[in-house]
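[1] Sequence plus predicted model, see below.
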Amino acid sequence: LLACLLLAAAQGRMVRMQRAQLGTLKAMGYSTWELVLQELALPALIALSGSVLGVLSSIFTMRALLNFMVSYFSVPLFVTTIPWSAAIVGIVAPVFFTVPAVAVVATRLLGQAPVKLMQSTALSTRPGLLERSLHLKRGSFQNRFAVRAAIRGLTRLTLLMLGAMLAGYLLLFGGAMRDSMSTLVRSAFQDTQYNYTYALTAPRLENPWGGETLTSEPFTTTDGQLTFQVVGLPATSTLFVPHDSKGQAIPIDRIIITRALAQKLNLKVGDSLTMQQAATGQEVTLPVDAVAEMYTTATVIMPQERLNSIVGAPLGSFNAVLSATSLQIPAQDVLTTLSMAQSRAAFNSAIMPLWVALGSVAVIAVFIALLALSIVTTLTVEEERFTISLLKVLGYRPEELNRMVLGSGIVAVATGFILGIPLLLASLGKLLSTTTSGISFSLPIRLSPLSILVCAVIMLATYLVSLRAARRKVLGVQMAVSLKAARE
């Protein structure tokens, strides 16, 4: 959408530059639609060629990217298939959006009378309603000029704001994912003081090996859409201590659900949770007494004896053991062994592609920002050539010209970046909840002030780079431009 708007703005500038020729053609009998169709040829070609190149590049690089992603996961065999329906949509969509946008701009400009089209001035010098409603009496001439220039160029500033909002959104997306993953890692290991988990082949009544015992049983929601574990812990557990949002330990004498399960089932303290045992289908309704800040697993935590009574197990029985050190349990009694050190290493390895993807998103964000800023500033300089030349004749210095002509851009960039923050938080929460809806996992949405500051600095640096290039274009405007326009 941003590319379509930028292309429409650029094409509008090209139409303005050809006003005399187009006005002559219209006076010779060419209709408005014939001229519009002529102006649509180049944007349609640009949109079609760009979309085709984008689809072809994705097809050629798809296998390499998939190999890179799969190298971090246990996927022994996979087949690379090209989604032709998505490829066709990728080719058609840019043309579908670009051609109407350019047609609207071209029709608006070419709908004027031939005489008006052939006038030398590209834009009407009559101030608009908003500009006439302002009564700028105070302040220096330079500030008042900058304000009026910003009002006259609201379309360009809107495009600049949209470009900054999209680039800021992508930058903030990387920062939000980084903060969210950091919160996820902290929540995953802050409640666990054990290093080994031993799942036993059968429930037992005695524990000769040490560690802390627990009971774990799979349950599902009543619709069968989500499977999760219900864990029964002893009240004196020290190796697994859930904490609330304030960091305080929650006593294991009540029904506790993790934050991941609360988000997936939209539960809060005081609600009731109805679930059914995976093995027997028996339904159980429990009150939600507390929520533990754990996002890596959707789990219900309750006293061990209460869970044993629900599943019909003998009192005092258990089917798993937690331990801070390695235990000497006979191999025939152990179903699986899980090491927290291995879990951390596997988790860090699994999220490595995420950091690469976020770095790529940041590079794309900077590129989008540079593209939008350079196009808008170029349009600004081109449309204000006469004014810039006249101000040079009047003796204004280059620093003053840059501030008067390009100074309003920083407001649009800052506004777009700020608008990107609530847009990110609203859309990212929906995106992540949809992505993780069917798995026992939830990702918290976090965006720290430090990440916002870093993204803002990157955006500001990108704006200053594009502004430096625009200043060279301002300096390149000759004083003779105003004299030639006046002679014409």
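    That came in fine, so what should we check first?
[2] can you give me how far stretch 254-264 is from the chain middle?
    27 Å (C-alpha atoms, centre = their mean, to the nearest Å).
[3] Tell me the buried residues in that stretch?
    Neighbour-count burial for stretch 254-264, counted by 16 or more other C-beta atoms under 10 Å, picks out 255, 256, 257, 258, 259, 260, 261, 262, 263, 264. Just so you know, the C-beta spots here come from the backbone N, C-alpha and C atoms, and that holds for glycine as well.
[4] Then stretch 215-225?
    Neighbour-count burial for stretch 215-225 [16+ other C-beta under 10 Å]: 215, 216, 217, 219, 221.
[5] quick one: which of those sit in strands?
    215, 216, 217, 219, 221 (DSSP state E).
[6] If we only consider those, which is nearest to residue 114?
    For these, the minimum distance to residue 114 (C-beta to C-beta) is 70.1 Å, reached by residue 221.
[7] From residue 229, how far off is that closest one?
    Residue 221 sits 13 Å away from residue 229, going by C-beta to C-beta, to the nearest Å.
[8] who touches stretch 246-256?
    233-235, 237, 241-244, 273, 286-292, 300-303 (C-beta atoms under 8 Å, 6 or more residues apart in numbering).
[9] And the residues you listed, which of them are buried?
    The buried subset of the contacts of stretch 246-256 (16+ other C-beta under 10 Å) comprises 233-234, 237, 241-242, 273, 286, 288, 291-292, 300-303.
[10] any chance of the buried residues of stretch 215-225 in TSV, plus pLDDT and distance to residue 153?
    As requested, the buried residues of stretch 215-225 are exported to TSV (pLDDT from 0 to 100; distance: C-beta to C-beta, whole Å):
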residue	pLDDT	distance to residue 153
215	93	69
216	92	64
217	92	66
219	93	61
221	90	55
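[11] Same list (those residues) but as TSV, adding distance to residue 395.
    Listed next are these as TSV, based on distance: C-beta to C-beta, whole Å:
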residue	distance to residue 395
215	87
216	82
217	85
219	81
221	76
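[12] ok, these vs residue 325, which is closest?
    Of these, the one sitting nearest to residue 325 (C-beta to C-beta) turns out to be residue 216, at 20.6 Å.
[13] my read: the closest one touches residue 199, true?
    Yes - contact status for residue 216 versus residue 199: in contact at 7.5 Å, counting by C-beta atoms under 8 Å.
[14] Which neighbours do the two have in common?
    Common contacts of residue 216 and residue 199, defined by C-beta under 8 Å, 6+ apart, comprise 319, 320.
[15] neighbours around the nearest residue to residue 408 once chain neighbours are set aside, how many?
    Spatial nearest neighbour of residue 408, excluding adjacent residues (C-beta to C-beta, 6 or more residues apart in numbering): residue 150 at 3.7 Å. Using other C-beta atoms under 10 Å, the number of residues around residue 150 comes to 16.
[16] Determine how far the helix or strand hosting residue 150 lies from the middle of the whole chain.
    Following DSSP states H and E, one finds residue 150 within helix 141-152. Centre-to-centre, helix 141-152 and its host chain are 34 Å apart (C-alpha atoms, centre = their mean).
[17] Stretch 398-411 too?
    Taking mean C-alpha positions (C-alpha atoms, centre = their mean), stretch 398-411 and its chain are 31 Å apart.
[18] just stretch 9-26 next, same as before
    Distance, centroid of stretch 9-26 to centroid of chain: 38 Å (C-alpha atoms, centre = their mean).
[19] Buried residues in it, which are they?
    Buried, per 16+ other C-beta under 10 Å, within stretch 9-26: 9, 10, 11, 12, 13, 15, 16, 19, 22, 23, 25, 26.
[20] Out of the residues you listed, the closest to residue 116 would be?
    Within the buried residues of stretch 9-26, proximity to residue 116 (C-beta to C-beta) peaks at residue 23, which comes in at 7.5 Å.
[21] where does that closest one land in three-state SS?
    helix (DSSP: H, G, I helix; E, B strand; the rest coil).
[22] can you tell me which residues contact it?
    Contacts of residue 23 by C-beta under 8 Å, 6+ apart are 114, 115, 116, 117, 118, 119.
[23] Please determine how far residue 255 is located from residue 300.
    7 Å.
[24] Which of the buried ones among the contacts of stretch 246-256 sits closest to residue 322?
    residue 237 (8.1 Å).
[25] ok, now which ones touch that closest one?
    212, 214, 252.
[26] Surely residue 320 forms part of a strand?
    Yes - when three-state DSSP is applied, residue 320 is found to be in a strand.
[27] my read: it touches residue 211, true?
    No - using C-beta under 8 Å, residue 320 makes no contact with residue 211, being 9.6 Å away.
[28] At the geometric centre of the chain, which residue sits there?
    By C-alpha atoms, centre = their mean, the chain has its centre lying nearest to residue 173, at 4.1 Å.
[29] Could you give the backbone dihedrals for it?
    Dihedral pair for residue 173: phi -60, psi -40, per degrees, to the nearest 10.
[30] give the contact list for it.
    If a contact means C-beta under 8 Å, 6+ apart, then residue 173 has 358, 361, 424, 428 as its contacts.
[31] Give the buried residues for the longest helix along the chain.
    In the chain, with assignment by DSSP state H, the single longest helix is helix 32-70. Buried residues in helix 32-70, counting neighbours by 16+ other C-beta under 10 Å, are found at 35, 36, 39, 40, 43, 44, 46, 47, 48, 50, 51, 55.
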